[in-house]
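Asker: Sequence first, then the predicted structure, then my questions.
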Amino acid sequence: MIIVMKLEATQADINNVEKELTNFGFDTHLIKGTNRLVIGAVGNPSLRENMPLERMAGVEKIVPIMKPFKLAGREMQPDNTVVEVKGIKIGGKEPVVVAGPCAVESREQLLEAAVGVKEAGASIIRGGAFKPRTSPYSFQGMEEEGLKILKEASELTGLPVVTEIIDERSTDLAKEYVDILQVGARNMQNFQLLKIVGQTGKPVILKRGMSATINEWLMAAEYVMSQGNYNIILCERGIRTFETATRNTLDLSAIPVVQSLSHLPIIADPSHASGSWKLVTPLARGAIACGAHGVMVEVHPNPKQALCDGRQSLSLENFKEMMQSLATIK
């Protein structure tokens, strides 16, 4: 439920309401909107009957939350969340572009890609240090050495960097080197990992699972937010359908649907959705036209030599062309 506080409510009033909620076993989340201050209370709604909240000083009204996702929904927070990392705002008026190789393969490869995507206008650098692969014989990533290279790329370009984490160990390592953690599609419902990521306080890119509904996706975000971390960026990366012409099917309808349900920013990943570099630019344009707050694409200095996902990776020249094309979308 939501406890809407009066405009003239004092800090003491707020503290008293939070204390009362805590005594009844609720987790409290203070949210300051543009014109309103509310206290979100997550717990057993049946306990509300025994609570004298309406009579407490500073309380204007109590509003029940009907959606299963309490913290991620617009009922709790009608204003859009903007996640800011090193001056880059995700969720604002200007779309952001996250770009870089699928995997960190070498220092030379990543730094070349990082400098190239920055020059073309990218806002954030991506690169995988831990690679969950379908085959155990495929390249699994450079792990901590890759994280060190990502940190160097950030220092060289001044841009924030993001990498995927796959378990508690990789999370503990990555949070010391990168600015944004990414939870991949396969781990979207790894609830223990979501809790761990939530406890780091780091901004999180949360990818939609390949067979996940929007409701399940937002409930995954709820796990992270339940740990006190509200810096979540949702990422639509395509869902698995009967179609075989593309790697996955990019669900562009998810962008406006999510925006109607949640205050969290949402970006799209046309690289994983399509599986083909030729389709990345038109799908990226479509995502921005649908209102996405940005796109995340794979870029490699030499896609033919990439150790993973070379077929869907843009070359640096392709990426420049994509950036020029996105600039025409209003």
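Answerer: Cool, got the structure.
Asker: can you pull out the helices in the protein?
Answerer: Secondary structure of the chain, counting by DSSP state H: helices at 11-23, 107-120, 144-157, 168-174, 191-200, 214-225, 254-261, 270-274, 277-289, 316-326.
Asker: and those, which is most packed in?
Answerer: Comparing the helices of the chain by mean neighbour count (mean count of other Cβ atoms under 10 Å), helix 270-274 comes out on top with a mean of 26. Every C-beta, even on glycine, is put in place using the N, C-alpha and C of the backbone.
Asker: Settle this for me: Asn99 is touching His300, isn't it.
Answerer: One correction, residue 99 is Ala, not Asn. No. Here Ala99 does not reach His300: they are 10.2 Å apart, not a contact under Cβ atoms under 8 Å.
Asker: Return every residue with contacts to both of these two.
Answerer: Common neighbours of Ala99 and His300, using Cβ atoms under 8 Å, 6 or more residues apart in numbering, are Ala113.
Asker: quick one: low-confidence parts of the chain?
Answerer: Scanning the chain for pLDDT under 70 picks out 34-35, 44-50, 137.
Asker: Let me know the outermost residue of it.
Answerer: Distance from the C-alpha centroid of the chain, by Cα atoms, centre = their mean, peaks at Arg55 (38.8 Å).
Asker: quick one: that residue from Thr10, how far?
Answerer: Separation of Arg55 from Thr10 (Cβ to Cβ, to the nearest Å) stands at 16 Å.
Asker: just Gln109 next, same as before
Answerer: Here Gln109 is placed at a distance of 57 Å from Thr10 (Cβ to Cβ).
Asker: next one: Lys32
Answerer: From Lys32 across to Thr10, the span is 15 Å (Cβ to Cβ).
Asker: Ile239 too?
Answerer: 48 Å.
Asker: ok, those two, which is more surrounded?
Answerer: Applying other Cβ atoms under 10 Å to Ile239 and Thr10 shows that Ile239 carries more neighbours, namely 18 against 12.
Asker: correct me, but the more buried one touches Asn248?
Answerer: Yes. Ile239 is in contact with Asn248 according to Cβ under 8 Å; the separation is 6.1 Å.
Asker: what residues do these two have in common as contacts?
Answerer: Met210.
Asker: what domains does the record give for this protein?
Answerer: 2-63, 83-326 (automatic domain parsing).
Asker: For these, give me a markdown table that also has distance to Leu71.
Answerer: Output for those, formatted as a markdown table (distance: least, Cβ to Cβ, whole Å):
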| stretch | distance to Leu71 |
| --- | --- |
| domain 2-63 | 6 |
| domain 83-326 | 4 |
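Asker: Show me what Glu84 is bridged to.
Answerer: Per DSSP bridges, the residues bridged to Glu84 are Lys89.
Asker: re the thing from before, quick one: which of the helices of the chain is nearest Pro95?
Answerer: Pro95 lies closest, by Cβ to Cβ, to one member of the helices of the chain: helix 277-289, at 5.4 Å.
Asker: Export the closest one to PDB, keeping only CA atoms.
Answerer: The C-alpha coordinates for helix 277-289 follow below in PDB (Å, rounded to 0.1, in the frame of the first residue of the first chain):
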ATOM      1  CA  TRP A 277      24.100  -7.100 -37.900                       C
ATOM      2  CA  LYS A 278      22.100  -6.100 -41.000                       C
ATOM      3  CA  LEU A 279      18.900  -5.900 -38.800                       C
ATOM      4  CA  VAL A 280      20.400  -4.000 -35.900                       C
ATOM      5  CA  THR A 281      20.000  -0.400 -37.300                       C
ATOM      6  CA  PRO A 282      16.300  -0.700 -38.400                       C
ATOM      7  CA  LEU A 283      15.400  -2.400 -35.200                       C
ATOM      8  CA  ALA A 284      17.200   0.200 -33.200                       C
ATOM      9  CA  ARG A 285      15.400   2.900 -35.100                       C
ATOM     10  CA  GLY A 286      12.100   1.200 -34.300                       C
ATOM     11  CA  ALA A 287      12.900   0.900 -30.600                       C
ATOM     12  CA  ILE A 288      13.700   4.600 -30.400                       C
ATOM     13  CA  ALA A 289      10.600   5.500 -32.400                       C
END
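Asker: Alright, calling it a day.
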